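Q: pasting the structure only:
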């Protein structure tokens, strides 16, 4: 194993579909990126998957982890009591330097908790943020936080904006990402007290293209590169978008089927439209949500992830490591340290 | 004028399209309900509209109000300095007993502020809530608060749920409305601290069919009758739904136009699908958002309201008055008074 090869630990037991999609996704990512993949999970199961797929020319290794984080368990319980759960083992591999990033489609809360408490935060970052890539009419927008920190202070939101900016610059190749603060009106002074205070910090931020408040209706037009909000609001927004997309496509399908108007042709057309709709809720496209603010990167994938999603998430983790995005992230956090401290004192 | 006839004061100057849509909408509502409508606004302009339309068999009266609330003015400034703005005059008519409800498509913030400070709150209701009717795959859901109270305490959210319940029973004819608390996970204990505390109150509520937490993705399936949240979250959710609906329909339109596949037939089908989509963002269907918790009803309409929306909002106001929905609302607020007081003391 070359010492400067990127190594990503993939929680092979996570997700609704488990190893049967995670393993092929990870293999494809290893092929595309040249990174080494540590498949973390039950050895016998993973051996079986590898035998079935018999991949060649890729750098893979199984790391045995006999336990799995149950979807109905509390993150704190998993952290305390399931030391051998695949997500914990994966995070420890990163903490101990055997890997530089984690990918998991398992219990999101456990991924966040294990990332935060095992891999650790970047000094100066008070709370981590989960960033989700949402499709828009133009380029995707980074929405954060979507659930890592649900009780936020204004300076937490401020730091989320800084981290989203670093991510958009490195991973989305935006030169000067437009950062909008999700609120209930575009004018300065609109919002709840939390958002109004965050606005004051953003206004004074160093090296940030702050574009002011944005409203929910502006999220999908593609005018922003980064939309920042507290983790409760972001999680509601993310799931609501997913739900509305699904409901609309079901209504549309019903409507076209009921139209009785050349049904076959209608269904052909519908299929094409559905492909576009599906993209709105297609996690596979972007892979997963990076958990920002940790010493190393962790990508939290949707439970329903398919092999393509796992592959894309693993590619994102590799890119994050190889571009040294955390360096950039730390720079912007440092440049705005005094401002954050000021926010904390308010 | 019969003394027990319902009288609704309609802010005839409000909305992007002004009297040209508000007046015909109000006339149609007067025709359908038999209520008396006070058209509040510039007398000369409204006289002109009435002459143009020359309605017969309806009970209409113009009440002169020489000023209009500007969309760029602060609600507090409108309240203090524009005593003769149409929305203020309309609310004073209700306060003084000349009308029992207000309808306006003007400045939403001004409608809320004037409603709250001129018409006054129901004793025991700490903060009003704006309730929006959202379409779902089945029956519409009442989402509240969507922006009247953006800095909420848990017991405010609790009271919003009680008020939403009363509204759904009377106006939507639901026998035992299912009330869900908008959160980031279905299980008890999921949410931010505000929502977790509100959950505790809801669990102990009198005469309420509390269905626990719901996630954003459940909002549009139609499993709930009432979805309750703080005014910031609700406003973001509402505008996000509107924005996503519009963006999706634009993407679909572009896709169908670009498909080159029997474009004419495609466009016919698309039109039909669009009609369904449009409904998601069709304020006209439900008219407007009732501002609940005030001594009398105020319906806040979207700025882009057309005549149908004004008509439906005015019908809703009439129904609210005639069904004495505020009586029911006060009953449930009273039945849960001690619980609210307990929440306030936490």
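A: Here it is on my side, so go on. Because the structure is a prediction, the values reported are computed rather than measured.
Q: Spatially central, which residue of chain A would that be?
A: By C-alpha atoms, centre = their mean, chain A has its centre lying nearest to residue A:289, at 0.6 Å.
Q: Quick check: which ranges of the stretch 151-300 of chain A have low pLDDT?
A: Along the stretch 151-300 of chain A, the model assigns pLDDT under 70 to residues A:252-253, A:255-284.
Q: can you map out the helices along it?
A: A:154-171, A:193-203, A:231-258, A:263-280, A:283-286 (DSSP state H, counting those that start in this stretch).
Q: who are the neighbours in contact with the residue lying closest to residue A:73 once chain neighbours are set aside?
A: Spatial nearest neighbour of residue A:73, chain neighbours left out: residue A:107 (7.1 Å); criterion: C-beta to C-beta, 6 or more residues apart in numbering or on different chains. All C-beta spots, glycine's among them, are computed from the backbone N, C-alpha and C. Residue A:107 makes contact with A:14, A:69-71, A:73, A:75, A:78, A:87 under the criterion C-beta atoms under 8 Å, 6 or more residues apart in numbering or on different chains.
Q: hmm, stretch A:300-308 in reach of chain B?
A: No. Stretch A:300-308 is not in contact with chain B by C-beta under 8 Å from any C-beta of the partner chain; minimum separation 11.8 Å.
Q: can you pull the buried residues of that stretch?
A: Residues of stretch A:300-308 classed as buried: A:300-302, A:305-308 (neighbour count, 16 or more other C-beta atoms under 10 Å in any protein chain shown).
Q: again, but for stretch A:200-207
A: Across stretch A:200-207, burial judged by 16+ other C-beta under 10 Å covers A:201-202, A:205.
Q: just to revisit the earlier point, the residue nearest to the centre of chain A contacts residue A:134, correct?
A: No. Look at residue A:289 against residue A:134 with C-beta atoms under 8 Å: they stay out of range, at 10.4 Å.
Q: Could you count how many residues lie near residue A:80?
A: 11 (other C-beta atoms under 10 Å in any protein chain shown).
Q: Need the three-state assignment for it.
A: Secondary structure for residue A:80, judged by DSSP: H, G, I helix; E, B strand; the rest coil, is helix.
Q: Next one: it from chain B, what distance?
A: Distance from residue A:80 to chain B, counting by C-beta to the nearest C-beta, to the nearest Å: 17 Å.
Q: Could you pull up the contacting residues of that residue?
A: Residue A:80 neighbours (C-beta under 8 Å, 6+ apart): none.
Q: What values do phi and psi take at residue A:104?
A: Per-residue torsions, residue A:104: phi -150, psi 140 (degrees, to the nearest 10).
Q: My understanding was that it contacts residue A:302; is that so?
A: No. If you go by C-beta under 8 Å, residue A:104 and residue A:302 don't touch, sitting 10.7 Å apart.
Q: Quick one: mean pLDDT over stretch A:80-99.
A: The predicted model gives stretch A:80-99 an average pLDDT of 97.
Q: swap that for stretch A:47-67, please
A: Stretch A:47-67 shows a mean pLDDT of 95 in the predicted model.
Q: And for that stretch, what's in contact with it?
A: Here stretch A:47-67 makes contact (C-beta under 8 Å, 6+ apart) with A:1, A:5, A:9, A:12-13, A:19-20, A:23-24, A:26-27, A:30-31, A:34-43, A:46, A:82-86, A:88-90, A:93.
Q: Same question for stretch A:13-28.
A: Under the criterion C-beta under 8 Å, 6+ apart, residues A:10-12, A:37, A:39-42, A:45-46, A:49-50, A:53, A:55, A:58, A:60, A:65, A:68-69, A:86-87, A:103-107, A:301, A:303-311, A:313-314 lie in contact with stretch A:13-28.
Q: got it, and stretch A:329-346?
A: Residues outside stretch A:329-346 that contact it (C-beta under 8 Å, 6+ apart): A:122, A:124-126, A:153-155, A:158-159, A:162-163, A:165-167, A:197-198, A:201, A:204-208, A:292-293.
Q: Mind doing that once more with 10 Å?
A: Residues outside stretch A:329-346 that contact it (C-beta atoms under 10 Å, 6 or more residues apart in numbering or on different chains): A:122-126, A:153-159, A:161-167, A:169-170, A:197-198, A:200-208, A:292-294, A:297, A:320, A:324, A:326.
Q: from the residues you listed, which would you call buried?
A: Of those, these count as buried by 16+ other C-beta under 10 Å: A:122, A:125-126, A:153-159, A:161-167, A:169-170, A:197-198, A:201-202, A:205, A:208, A:292-294, A:297, A:320, A:326.
Q: give me the subset of the residues you listed touching chain B.
A: Counting by C-beta under 10 Å from any C-beta of the partner chain, nothing from the buried ones among the contacts of stretch A:329-346 sits close to chain B.
Q: At which residues are the strands of chain A located?
A: In chain A, the strands defined using DSSP state E lie at A:7-11, A:36-41, A:60-64, A:101-104, A:129-134, A:141-144, A:178-183, A:209-215, A:226-228, A:289-292, A:297-300.
Q: Residue B:243 is nearest to which of the ones you listed?
A: The closest of those to residue B:243 is strand A:209-215. By C-beta to C-beta, the value is 7.6 Å.
Q: on that earlier part again, give the residues shared as contacts by residue A:104 and residue A:302.
A: A:15, A:288, A:313.
Q: can you count the residues close to the last one?
A: In this case it means residue A:313. By the criterion of other C-beta under 10 Å, residue A:313 has 33 neighbours.
Q: The one 4 residues further on now?
A: Applying other C-beta under 10 Å, we find 29 other residues in the vicinity of residue A:317.
Q: surely it meets residue A:299?
A: Yes. Counting by C-beta atoms under 10 Å, residue A:299 is a contact partner of residue A:317 at 5.0 Å.
Q: Between these two, which contacts overlap?
A: Residues touching both residue A:317 and residue A:299 by C-beta under 10 Å, 6+ apart: A:8, A:10, A:101-103, A:287-288, A:290.
Q: Can you add distance to chain B and neighbour count and give those back as JSON lines?
A: Listed next are the shared contacts of residue A:317 and residue A:299 as JSON lines, based on distance: C-beta to the nearest C-beta, whole Å; neighbours: other C-beta atoms under 10 Å in any protein chain shown:
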{"residue": "A:8", "distance to chain B": "28", "neighbour count": "30"}
{"residue": "A:10", "distance to chain B": "25", "neighbour count": "34"}
{"residue": "A:101", "distance to chain B": "25", "neighbour count": "28"}
{"residue": "A:102", "distance to chain B": "22", "neighbour count": "33"}
{"residue": "A:103", "distance to chain B": "22", "neighbour count": "36"}
{"residue": "A:287", "distance to chain B": "20", "neighbour count": "26"}
{"residue": "A:288", "distance to chain B": "18", "neighbour count": "29"}
{"residue": "A:290", "distance to chain B": "19", "neighbour count": "30"}
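Q: And the furthest pair within these?
A: The span of these, defined through C-beta to C-beta, is set by A:10 and A:290 at 14.7 Å.
Q: one step back: could you look over the strands of chain A and pick the most buried one?
A: strand A:101-104 (a mean of 32; mean count of other C-beta atoms under 10 Å in any protein chain shown).
Q: Just checking: what are the partner strands of that one?
A: Under the criterion DSSP bridges, strand A:101-104 sits next to strand A:7-11 (parallel), strand A:297-300 (parallel) in its sheet.
Q: Identify the residues contacting the residue nearest to residue A:239 when sequence neighbours are not counted.
A: Leaving aside its sequence neighbours, residue A:239 sits nearest to residue B:216 (C-beta to C-beta, 6+ apart; 3.4 Å). Residues in contact with residue B:216 (C-beta under 10 Å, 6+ apart) are A:235-244, B:182-184, B:227, B:229, B:233, B:237, B:240-241.
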